[in-house]
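Participant: Sequence and predicted model, in that order:
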Amino acid sequence: MSSGIGASVKRKEDKRFTTGKGKYTDDVRNDNQAYAAFVRSPHAHARVKGIDTSAAMAMDGVIDVLNGQQLTGDGIGNIICGWAITSKDGSPMNMGAWSALATEKVRYVGDAVAVVIAETQALARIAAEAVDVDYEELPVAASVLTSMKDGAPQIHENAPGNQIYDWELGDEAAADAGLASATHITSLDLTNNRLSPNPMEPRSAVAKYDDAEDHYTLYTTSQNPHVARLVLSAFYNVAPEHKLRVIAPDVGGGFGAKIYIYPEEITCLWASMKTNRSVKWTSDRSEAFITDAHGRDHVTSAKMGFDDAGKIVGFKVDTIANIGAYMSLFSSSVPTYLYAPLLSGQYNIQNIHCNVRTYYTNTVPVDAYRGAGRPEATYLVERMMETAAREMGMDPAELRRRNFIQEFPHQTPVLMQYDAGDFPKILEMAQETADVAGFPARRAEAEARGKLRGIGYSTFIEACGLAPSKAAGSLGAGVGLWESAEVRVNPVGSIEILTGSHSHGQGHETTFAQVVADRFGVPIENVQIVHGDTDKVQFGMGTYGSRSGPVGMSAVAKALDKVEAKVRKIAAHALEASEDDIVIEGGEVKVAGTDKSMAWHEVGLAAYIAHNLPEGMEPGLKESAFFDPVNFSFPSGAFICEVEVDPDTGTTEIVQFTSADDFGTIINPMIVEGQVHGGVTQGIGQALLEQVVYDEDGQLLNGSYMDYTMPRAADVPSFHVQHHETPSPNNPLGVKGCGEAGAIGSPPAVINAITDAIGTNDLAMPATPQAVWRAIQAGAKSVAAE
Amino acid sequence: MYPTKYHKPASIADAVAALNGGDEAMLLSGGQTLLATMKQHLAAPSDLVDIRGIAGLSGISANGNELTIGATTTHAEVAGNVDVRRLCPALADLASGIGDTAVRNMGTIGGSIANNDPAADYPAGLLALNATIVTNTREISADDFFEGLFATALDEGEIITAVRVPAPSKAAYAKFAQPASLFALVGVFVADSGSGVRVAVTGAGEDGVFRHAGLEAALTGSMGDASIDAVDISDGNLISDIHGASDYRAHLISVMAKRAVLSL
Ligand SMILES: Cc1cc2nc3c(=O)[nH]c(=O)nc-3n(C[C@H](O)[C@H](O)[C@H](O)COP(=O)(O)OP(=O)(O)OC[C@H]3O[C@@H](n4cnc5c(N)ncnc54)[C@H](O)[C@@H]3O)c2cc1C
């Protein structure tokens, strides 16, 4: 079937995206449009002593200037973190108050203190500069290592020592005993660098208050508009749910940063009511750098013990994570339940213990970013394995093989039950494609050219398809993580799929349609995906954590089951056959073994005309379903990276990158390949180029593309991507999710390759030319010296 | 962006008049630096005087062994020009390595040297090539023109009209790009005029582009990469920032100088 599951169908949405006809939030222009600009703190930590708006208010075209006292006075609630983490001593996490517009204190550079509403965007921005805020500067803790120190500036009153929680997972005594029995212990101190997500489309919000109906509409750049509505309504008291419509039109990338509900959306909604105007705010890139939630920012020290045979006997991890100035929506879960449960990697490890402490700092909030927790776990585990292999004089692939989990389902000591996989197989596939056997010859040839060549592995697992609601709830999540779908077959046979998943670039309009085409044999042109609007789709949990495939499509599959059952009944009745003999294929509904059949659209018409339906059947052909997974899905992969380092400058070139992924069932290989390319490129960005830098006063030093290095096409090689499919038994399609694997698996492969090339185990991300040059100087490995 | 008044004069005289007419008027050429600064509210000219419509300010001509490059000539034009390629291919190479395609199609040589960014490429080329900067009022040697960080010998309201470059007997430019901006983290331009070697370094100096006396002496003595090893490249007065500390920059000066010499 040319457009069904497994076909590389071209993306239906690309016509509008590639011809400039996409409709994004900033493209929305309402009657009576006004524009917002935020007055933002230039200080990382200060008391707000007064706000003088008179100069701004006096400007022609300024409609209003609103502040935090007014906002809280109107009952707008504080921004919340939706996942409660309990410290190991049983105490709840220390969540500090976060008002959309700061009232008494600002806690990071960019914290909003007021908003100007004006007739044009340019004017709003100029007027925002004319707002005079009287700040009393306070001492700053701009890094987690500063804020955790005794006597560090206190950022939130209710978080003594700036600590949010001190949490653990696993059995510490068992891990200690394992380590005590080890014949070799590898120790590593690592940082996971802080990253700015940088989706191509900056965040934007357009709010419209209708005073006649007392009703609000919000257009916003969201990965999950229903969650936005729920939170805006239930926690921020902007409006009750039935009086608030949230629409996320085309969304130009998110990478996690568009999951959360930010101060700007809340403020625009409220300001729209205050001014009785439609209020629009669109971030520019500079504003994005200082206000979009950042990712990662961990400091970890860990020990892994091995026995004589190279088997892992204990793994102990101590991690300190930076949460930023406030707790963003999922911030608490990223360094805990999205991280520590992945520390078993692809390996059979009996004894794992992980302790995580999180702290506030005077920096923008840190939350989930492509991979969220899993890249941090993978980076640690895979650097560990490579380092241990070197220390023990073993082949790093062999060390991995000796520890691979081979039987499924597999219960780890850190909560997870892995569903399916074939780790030796994907490693072998990657090794073959990467021609590992030919590496020594390539290294020698590179040396002759004055280059240091290295090879590095990463064999990793991730947990996708967030998440079984009950399990998530028992771990502190404030929401269930199921997904919903509705299938509407129209009287003419065309089909609309309403889904609570929401594409921000992944191509749902194509892949979801393929699932339908596959089921009924209808052309995908006859299938329309409807998403991103709370008035059209009843509810949904949105797109993140590679969940749209395993959870969102599964809900569609479940609704399709119901449609199919009704179609069989209608056709069996009309064709005077038994339901069991009905087959649906190629757009026809047939009676097996006969020439009796109905065209697909005839069944649709029959359902709506309702002249000849089985006794008691309701007319119409529309079904809905909620799918709550029984478990996460567990995509796995084997990546091999080969680099050449120029010892004179420290420049790294990635000369070969091979991936072998197990995503379970693949719906559209072309789209999956694109996800791998993008993810690996992002991981290469983390490994080689990207790093958010704050100075000790909490000023962002690289808040523009002139200083923050994004990966470019020239920084990456032509990838060798391949797949092995072991379907997940936990959802009807067997899909596991592919959106994050590349970003999760690639950083350690790159660093392992560079450290192999230059002969050290001590190299931090990003491995910039300067960092690599210094490591070479320290280790003094150069071609000349050999 | 703050409101500003846009002018597009057809002559230098009109441009001067427009410059004098505004409170805080500024020249606009390719806009690749100025417009970004205005968008960030870091510059607020009352008037923008766009000189790209003035006849004769754009284009390249060769007179014997000398190139004249009009102030509003784009980087892309310099990179692709046959006379530049013939008389001074190193300068064409330099231009072809500035920023990205969009920047090269808009940015101009006059705007670049008037701005004198400490990491810009042209200042190194013009200094090493002993070029002359021609303005509406006078001629200034490159040695006198580049004064420091974003500072030049230009007077208020003075307009660069052209740059004159004597063809070297050989020259080469080696650049190690700052990975984000693609400006020079360190760029070294080596020019042998036949009567002496001049070496200019950009991207590294705390006071902007500078000539390196040690490298010039060594290479005038013997043109070869081995001469460079003997030169002590101190990290004093070199920039340290998030992209590279001064000792790394000092090291790169040596490496880039060698690469330039090897490609002469
Ligand atoms: C993404 C990016 C990457 C870049 N990478 C590089 C790089 O790798 N190397 C590099 O060298 N540069 C780089 N640049 C800068 C680029 O070369 C600009 O073209 C240059 O700095 C300014 O030239 P312009 O013509 O755009 O000048 P404008 O931006 O128009 O003006 C710059 C300044 O010069 C003044 N001015 C302009 N023309 C004259 C004149 N004739 N007489 C007197 N004053 C004048 C203006 O008033 C203004 O103050 C980059 C720029 C960008 C945006």
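Facilitator: Looks like it came in fine.

Participant: Pull up the gap between the residue of the stretch 301-450 of chain A at minimum distance from chain B and A:Pro647, please.
Facilitator: With Cβ to the nearest Cβ, the shortest gap between the stretch 301-450 of chain A and chain B falls at A:Gly450, namely 11.9 Å. The way it works is simple: take the backbone N, C-alpha and C, and place the C-beta from them, glycine included. Distance of A:Gly450 to A:Pro647, given as Cβ to Cβ, to the nearest Å: 7 Å.

Participant: More neighbours: which of the two?
Facilitator: Taking neighbours as other Cβ atoms under 10 Å in any protein chain shown, A:Gly450 and A:Pro647 compare with A:Pro647 leading, 20 against 13.

Participant: In terms of pLDDT, where does the residue in the stretch 251-400 of chain A positioned nearest to the ligand sit?
Facilitator: Relative to the ligand, the nearest point of the stretch 251-400 of chain A is A:Arg285 (12.2 Å; Cβ to the nearest ligand atom). At A:Arg285, the predicted lDDT confidence score is 96.

Participant: contacting residues around it?
Facilitator: For A:Arg285, the contact set (Cβ atoms under 8 Å, 6 or more residues apart in numbering or on different chains) comprises A:Pro202, A:Ser704, A:Tyr705.

Participant: Ok, A:Tyr369 next?
Facilitator: So A:Tyr369 contacts A:Leu195, A:Pro197, A:Phe255, A:Gly256, A:Ala257, A:Ala293, A:His294, A:Gly295, A:Arg296 (Cβ under 8 Å, 6+ apart).

Participant: what's the closest non-adjacent residue to the second one?
Facilitator: Spelled out, it's A:Pro197. Distances taken as Cβ to Cβ, 6 or more residues apart in numbering or on different chains place A:Ala257 nearest to A:Pro197, at 3.9 Å, with adjacent residues excluded.

Participant: Against A:Ala467, how distant is that neighbour?
Facilitator: From A:Ala257 to A:Ala467 the distance is 20 Å (Cβ to Cβ).

Participant: ok, now A:Leu179?
Facilitator: As judged by Cβ to Cβ, A:Leu179 and A:Ala467 stand 31 Å apart.

Participant: How many neighbouring residues does the residue nearest to A:Glu13 when sequence neighbours are not counted have?
Facilitator: Spatially, and ignoring its direct neighbours in sequence, A:Glu13 is nearest to A:Glu509 (4.6 Å; Cβ to Cβ, 6+ apart). A:Glu509 has 20 neighbours, counted by other Cβ under 10 Å.

Participant: and A:Glu509, which of the three is it?
Facilitator: helix (DSSP: H, G, I helix; E, B strand; the rest coil).

Participant: Okay, it and A:Val515: tell me how far apart.
Facilitator: Applying Cβ to Cβ, the value for A:Glu509 to A:Val515 is 12 Å.

Participant: what do you get for B:Ala15?
Facilitator: Distance of B:Ala15 to A:Val515, computed by Cβ to Cβ: 64 Å.

Participant: picking up where we left off before, which of the contacts of A:Tyr369 lies closest to chain B?
Facilitator: For those, the nearest to chain B is A:Leu195 (13.8 Å; Cβ to the nearest Cβ).

Participant: ok, the closest one - how many residues close by?
Facilitator: 25.

Participant: Which strand or helix spans the nearest residue to it once chain neighbours are set aside?
Facilitator: The shortest distance from A:Leu195 to any non-neighbouring residue, by Cβ to Cβ, 6+ apart, is to A:Gly295 (4.6 Å). In the assignment (DSSP states H and E), A:Gly295 maps to strand A:295-306.
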